[in-house]
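*Asks:* predicted structure and sequence below. I'll ask about it afterward.
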Amino acid sequence: RLINCSSCSSSSSSSSTPSSIPLKTNDINGIFIDDKYESRSYEIAALTQRCVRNVIDVVQNVEDENTFPGIWVPATGVLPAHVWLSDNRHIVFTTAWRYRLELICVDTTSGNIQRLFSPHAVNSNNNSIDLINASVQLLDVYQHDREENLGDYLLVNVSAPHVPHTAFCGSLSFKNASVVVDWTQVNQPGCARNTAFTTKVHSISHQIIRIIRVVSNSPPSPPAIDFSDLDDEMIAAAMDGNMTEEELMEKIADANISDPLDLGELDEEEKDKICQFEAILSYPGDCEPPSDGFPLILHPHGGPHSVSTTAYTSDSVFVAAGFAVLQVNYRGSTGYGQSMLESLPGNCGTQDVDDCMMALETVLSSYPSMLNENRVSVFGFSHGGFLGCHLIGQHPDTFYRAIIGNPVVNVPYNLITSDIPDWCFVESGIDFSSDCVNPGSADGYKNMFEMSPISYIHRVKTPVLMLLGTNDRRVPSGQGLDYHRQLKARNVETRSLMYPDHHSLNGKVSHYCNVAVNSLLWLQ
């Protein structure tokens, strides 16, 4: 639907979505971005003389890693202030493309999409930097006057689990209808004040773990087959029910979980039953694992409609301290197509939990000498905290410790206290109406409670560190405190830390550091 299509933002910036973005030609008056509720999947259309012409549609299904998954503007969902190139034809921005942030260029005339950053085409000041699987975030576009026949410049932030945020400058030139970029590194990655920590970070290794599920249309949670590489015969047999999971596991014992799945010549109906997503496993690369393996931290992202990427994050603190970290892009994550995202609402607490467990079991069985299955902890904020509490409740004998930040533990409670009550409706699979903020029936409340981690609290054994913000309006701290009190009443080891901060607990550097230090102490 069109919202204020006749009203454009100023010539110096792009307005927040959904809205129009101005162009500099008389033929095209703007770009319209249609926000698909919380998914941040966008449909781009060019406005030409009051007519709407689609440039990029929402992508429903993604076949493999090379298939464009649709536009998923990360984090805020707002495009940078400058996205247009000086030819008034191409726009450049960052989008989530499965487990990476990709810099893409869209030809608004043809709809062609081009990935602009290649690690093999970088003039680096440090030739030892490995940028394979790196994520790229656009910072700014500088336009030259086209009459001077000079190219444009891009400034981007490039990072990876082992590469702190590094600036690169790209010099653009136009060749036919394509854009050619020559990249030059601007600064050295690293933490100038702590050489020892920088060395630790640069030594981090990571693997992309590919998870495959054979899904059905039977709600609420599709059956799982926890393996990561099948040939076409095995897939067909699995879908037809002619092969047991044990038989499949026997045949694929030596499969490489880092290889992408080739769907071969399966028909469209069969392909629709195969679901692939990834997890990112980071671990110390500068030393041999201990005799019992690295302790592992399972870190599901929040949202739930967001994504974990290969961009550098504070998880490096855990890896530098000797832990392995597993980030899981469970079904419902952005960057995997609209259909996979929309499979989660109504299945929260089951589908996402099952996906996290499948990823965990996959890496533990695949790296038995590197990872310690007896020292698996879970760390999560917001919906990641929701998942953390579900995991320790549904799988009480799996986790050594849990660190939970501002979690949704009681959805009915969150419904009447949160600044986004519609989240509770959507993720519960209940229709939302802004003029009636209640589930409409006792069954609605019952469904919300049953999808809540609090319904499993009687099974929890894992020691829990609760991190709460007193100023959190998204997930008010009362439900976290109630969870803490109920654990104490059941004699489960627990500690709660309160910060005068908002939902992300990163309002001050001191808070951020305090969370990191206390988390590491809790995991010992």
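*Replies:* Ah, there it is. Residues are numbered from 1 along each chain as shown.
*Asks:* which residues does the longest strand anywhere in the chain contact?
*Replies:* Criterion DSSP state E: the longest strand present in the chain is strand 163-175. By C-beta atoms under 8 Å, 6 or more residues apart in numbering, the residues outside strand 163-175 that reach it are 85, 87, 116-117, 122, 129-131, 134, 139, 151-159, 179-191, 198, 201-202, 312, 316. C-beta here means a position set from N, CA and C on the backbone, and glycine is covered the same way.
*Asks:* out of the residues you listed, list just those in helices.
*Replies:* Thr198, Val201, His202, Ser316 (DSSP state H).
*Asks:* flag the shaky bits of this protein, pLDDT-wise.
*Replies:* 1-51, 75-77, 120-128, 145-150, 189-194, 215-273, 434-440 (pLDDT under 70).
*Asks:* any idea which residue sits dead centre in it?
*Replies:* Centroid-nearest residue in the chain, with C-alpha atoms, centre = their mean: Val307, separated by 0.7 Å.
*Asks:* residue contacts, that residue?
*Replies:* Contacts of Val307 (C-beta under 8 Å, 6+ apart): Trp72, Pro74, Ala96, Tyr99, His301, Asn329, Ser333, Thr334, Gly335.
*Asks:* any idea how far the first one is from Leu465?
*Replies:* When you say that, I think you mean Trp72. Distance check for Trp72 against Leu465: by C-beta to C-beta, to the nearest Å, it reads 32 Å.
*Asks:* of those two, who's got more company?
*Replies:* For the pair Trp72 and Leu465, the greater number of neighbours falls to Trp72 (29 against 23), based on other C-beta atoms under 10 Å.
*Asks:* right, and the more buried one touches Arg98 too?
*Replies:* No: taking C-beta atoms under 8 Å as the definition, Trp72 is not a contact partner of Arg98, at 9.8 Å.
*Asks:* find the residues that touch each one of those two.
*Replies:* By C-beta under 8 Å, 6+ apart, the residues touching both Trp72 and Arg98 are Gly335.
*Asks:* relative to Leu326, how far out is Ser308?
*Replies:* Separation of Ser308 from Leu326 (C-beta to C-beta) stands at 10 Å.
*Asks:* what do these two both touch?
*Replies:* Ala279, Ile280, His299.
*Asks:* thinking again about what came up before, which of the ones in helices among the contacts of strand 163-175 tops the neighbour count?
*Replies:* Going by other C-beta under 10 Å, Val201 tops the ones in helices among the contacts of strand 163-175 with 21 neighbours.
*Asks:* without its sequence neighbours, what residue ends up closest to that one?
*Replies:* Excluding the flanking residues, the one nearest Val201 by C-beta to C-beta, 6 or more residues apart in numbering is Ser316, at 5.2 Å.
*Asks:* hmm, back to that, please report phi then psi for the residue nearest to the centre of the chain.
*Replies:* phi -160, psi 150 (degrees, to the nearest 10).
*Asks:* can we start the residue count at 15 from this point?
*Replies:* Sure, I'll start counting at 15 from here, so that last one is Val321.
*Asks:* separation between it and Gly443?
*Replies:* Applying C-beta to C-beta, the value for Val321 to Gly443 is 22 Å.
*Asks:* hang on, Cys362 packs against Glu441?
*Replies:* Yes: taking contacts as C-beta under 8 Å, Cys362 lies within contact range of Glu441: 4.7 Å.
*Asks:* which neighbours do these two have in common?
*Replies:* By C-beta under 8 Å, 6+ apart, Cys362 and Glu441 have these common neighbours: Pro318, Met465.
*Asks:* still on that earlier bit, buried stuff in the longest strand of the chain?
*Replies:* Val177, Pro178, Thr180, Phe182, Cys183, Gly184, Leu186, Phe188 (16 or more other C-beta atoms under 10 Å).
*Asks:* and it, how far out from the chain middle?
*Replies:* 23 Å (C-alpha atoms, centre = their mean, to the nearest Å).
*Asks:* on the three-state scheme, Thr399 is what?
*Replies:* Careful, residue 399 is Gly; it's not Thr. Assigned by DSSP: H, G, I helix; E, B strand; the rest coil, the conformation of Gly399 is helix.
*Asks:* what's the answer for the one 4 residues further on, then?
*Replies:* Of the three states, Cys403 takes helix according to three-state DSSP.
*Asks:* nearest to Leu378 among the shared contacts of Ser322 and Leu340?
*Replies:* Ala293 (11.9 Å; C-beta to C-beta).
*Asks:* helix or strand for that closest one, which one?
*Replies:* Per DSSP states H and E, Ala293 falls inside strand 288-298.
*Asks:* tell me how many other residues crowd Val367.
*Replies:* Quick note: Val367 (other C-beta under 10 Å) scores 22 neighbours.
*Asks:* residue contacts, it?
*Replies:* Going by C-beta under 8 Å, 6+ apart, Val367 touches Leu401, His404, Leu405, Gln408.
*Asks:* that one and Gly407, how far apart?
*Replies:* 9 Å.
*Asks:* strand partners of the longest strand of the chain, parallel vs antiparallel please.
*Replies:* strand 167-174 (antiparallel), strand 192-199 (antiparallel) (DSSP bridges).
*Asks:* my read: Gly307 touches Leu378, true?
*Replies:* No: with contact defined as C-beta under 8 Å, Gly307 does not reach Leu378; the gap is 9.2 Å.
*Asks:* save the ones in helices among the contacts of strand 177-189 as a markdown table, and put in distance to His498 too.
*Replies:* Formatted as a markdown table, the ones in helices among the contacts of strand 177-189 follow (distance: C-beta to C-beta, whole Å):
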| residue | distance to His498 |
| --- | --- |
| Thr212 | 37 |
| Val215 | 33 |
| His216 | 38 |
| Ser330 | 29 |
